[in-house]
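J.: sequence unknown, structure follows:
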């Protein structure tokens, strides 16, 4: 399936990555090449094959519901772009 | 000393022939001398490093010495190390200082090993040449015009140029083995789940696996003894009894130590696309294995070619999900100016990620988007099973599979940088083992036009100890793994 620059812009929006016209055009060329490579898959008959999401057949482990970590708010917020009084600051989202 | 094995260094430290401080200073001196040219390390902190060396010496003085105590290692910058800048090769994390240790780092610290610094890598481990790093490319120590491979290119150059005793790497589609091949040393990607991914910055979680990058199979075995092991903080960590990966090495002596070993040669790994010089070196190595007593079995892994398209659906899909965490809110890069929250996300991600990372996020977003999931993601997962089944069938006929690690020797910087598809084909022989979750190794097997060539070994699940034996047997009768680049002595 051939992509358009409009598709690229829509995908970039879904991925939350700003993209201008020029970037969309050059991205289109490269992504089309990669999707061409991916297209080889369609020639394979996979009827009845169970999808493999993981190499090990694992079940999620359960553990006791006990405290294993202490609060490290100051350490973790020390590396945040913008904080105040223990809160992460972002632009206002509710008027 | 720079060419000594980990075992030799351990003996020298234990017998006080040398101190950890002296050994560490020797490597730091080499780093000061050569790193400005090679760019293998992107974070150095002499204060932390020397404090670790002093602590190791104090520990050795009490007689409490483990096999790697006091030995200086390089750590790929994908591993969080408390107090260290941990960037994953990205502008997004250029100012990120890790607030905690990855399991791998904890394991090295626990035995008293020394961290020399963090090594350069392709941004978020996405690349096969180290050219996608925000911190610049890395020179291949064998030829400064060429790339070291990737994504663990900094660790690779550090091992090859002897700027560390050994290094760690991670391998999602070949990122330990391909650079090991291009830089001429021994690298092992273990069975998925053996080494904890805790604190290892995620790329494609169902494929990512950490492993050792070192001069020899013996060194890799000693590192595996430290790196592997159950960790409840990684939900896919495997709870298995602890193994000694070096247990069989001493038996690899005598005329035919590999008598009875069946080596499978997949015809697809010797087909079109393989450089003739590389093929010759690999064939010679296989002839050497026959002399060691092994028998050769012709096998087929019919879905080999499909591993690339499958990988370039699954890995970007997982990456697009994993990298959604970089939003400029809790850590990492935030754009300077923005109007609202959406604008802040969009600009922070546009400015913080490099071109290749963005491409992969976009592919991943596309293949997972409404209406395309079945045609791409589900289809890729189905073919992934076919690829894994190829190996199950093959291992009924042989004990270990051998072939080339990479289709060519190291290529020139810039040669493939603008052609993602050509770059992706570098991993044609390594990706399938990641998809299947199997262990893979690359060992130095010779040279083609003066550049190193790696022989790849692929084993069945949890067969690392045997693979290390098989590699060690070869390294007892050849000296390719002892060669080092000219001009760096």
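T.: All right, it came through fine. Not measured: the values here are computed from a predicted model.
J.: so what pLDDT did the closest residue to residue B:86 other than its chain neighbours get?
T.: Closest residue to residue B:86 apart from its sequence neighbours, by CB to CB, 6 or more residues apart in numbering or on different chains: residue B:98 at 4.1 Å. For the C-beta atoms, the positions are set from N, CA and C on the backbone; glycine is no exception. Note for residue B:98: predicted pLDDT of 96.
J.: all strands of the stretch 101-250 of chain B, in order?
T.: Along the stretch 101-250 of chain B, counting by DSSP state E, counting those that start in this stretch, strands occupy B:114-119, B:166-171, B:186-189, B:209-214.
J.: okay, those in a markdown table with mean neighbour count next?
T.: What follows is those, written out as a markdown table (neighbours: other CB atoms under 10 Å in any protein chain shown):
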| stretch | mean neighbour count |
| --- | --- |
| strand B:114-119 | 28 |
| strand B:166-171 | 29 |
| strand B:186-189 | 32 |
| strand B:209-214 | 30 |
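J.: tell me which of those strands sits nearest to chain A.
T.: Closest to chain A of the strands of the stretch 101-250 of chain B is strand B:209-214 (CB to the nearest CB; 9.7 Å).
J.: does chain A have contacts with that closest one?
T.: No. Using CB under 8 Å from any CB of the partner chain, strand B:209-214 never reaches chain A; the gap is at least 9.7 Å.
J.: low-scoring stretches of the chain, by residue?
T.: Defaulting to chain A. Applying pLDDT under 70 to chain A flags the ranges A:1.
J.: my question was about chain B
T.: In chain B, no residues with pLDDT under 70.
J.: for it, give the residue positioned nearest to chain A.
T.: residue B:437 (2.3 Å).
J.: in TSV: the strands of the stretch 101-250 of chain B, plus distance to residue B:397.
T.: Shown next, in TSV, are those (distance: least, CB to CB, whole Å):
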stretch	distance to residue B:397
strand B:114-119	39
strand B:166-171	26
strand B:186-189	23
strand B:209-214	25
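J.: which one of those strands lies nearest to residue B:263?
T.: Residue B:263 lies closest to strand B:186-189 among those, at 17.6 Å (CB to CB).
J.: tell me which other helices or strands that closest one touches.
T.: In terms of contacts (3 or more CB pairs under 8 Å, 6 or more residues apart in numbering or on different chains; DSSP states H and E), strand B:186-189 is packed against strand B:166-171, helix B:177-183, strand B:209-214, helix B:217-227, strand B:440-448, helix B:464-477.
J.: state whether the residue nearest to residue B:86 and residue B:77 are indeed in contact, as I suppose.
T.: No. Residue B:98 lies out of contact with residue B:77 (CB atoms under 8 Å); the separation is 10.0 Å.
J.: common neighbours of the two, please.
T.: Common neighbours of residue B:98 and residue B:77, using CB atoms under 8 Å, 6 or more residues apart in numbering or on different chains, are residue B:86.
J.: neighbour count for the two, which is higher?
T.: Each of residue B:98 and residue B:77 has its neighbours counted (other CB atoms under 10 Å in any protein chain shown); residue B:77 has more, 30 against 22.
J.: which non-adjacent residue is nearest the more buried one?
T.: Nearest to residue B:77 is residue B:118, by CB to CB, 6+ apart, at 4.0 Å.
J.: tell me who's in contact with the closest residue to residue B:462 other than its chain neighbours.
T.: Using CB to CB, 6+ apart and skipping the chain neighbours, the partner closest in space to residue B:462 is residue B:191 (5.4 Å). When contacts are counted by CB under 8 Å, 6+ apart, residue B:191 touches B:209, B:238, B:437-439, B:461-464.
J.: do the same with residue A:42
T.: Neighbouring residues of residue A:42 by CB under 8 Å, 6+ apart: B:375, B:379.
J.: dump the residue contacts of the residue positioned nearest the centre of chain B.
T.: By CA atoms, centre = their mean, chain B has its centre lying nearest to residue B:176, at 2.2 Å. For residue B:176, the contact set (CB under 8 Å, 6+ apart) comprises B:152, B:169-170, B:187-189, B:211, B:213, B:442.
J.: which pair of those residues spans the longest distance?
T.: B:170 and B:442 (14.5 Å).
J.: what packs against the helix ranked longest in chain B?
T.: When chain B is parsed with DSSP state H, its longest helix is helix B:20-38. Contacts defined by 3+ CB pairs under 8 Å, 6+ apart place helix B:20-38 against helix B:6-14, helix B:46-61, strand B:72-76, strand B:114-119.
J.: can you put the ones you listed in a markdown table and add distance to residue B:228?
T.: Below are these laid out as a markdown table (distance: least, CB to CB, whole Å):
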| stretch | distance to residue B:228 |
| --- | --- |
| helix B:6-14 | 16 |
| helix B:46-61 | 22 |
| strand B:72-76 | 16 |
| strand B:114-119 | 19 |
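J.: how far does stretch B:225-244 sit from the chain's center?
T.: Chain-centre distance of stretch B:225-244: 18 Å, with CA atoms, centre = their mean, to the nearest Å.
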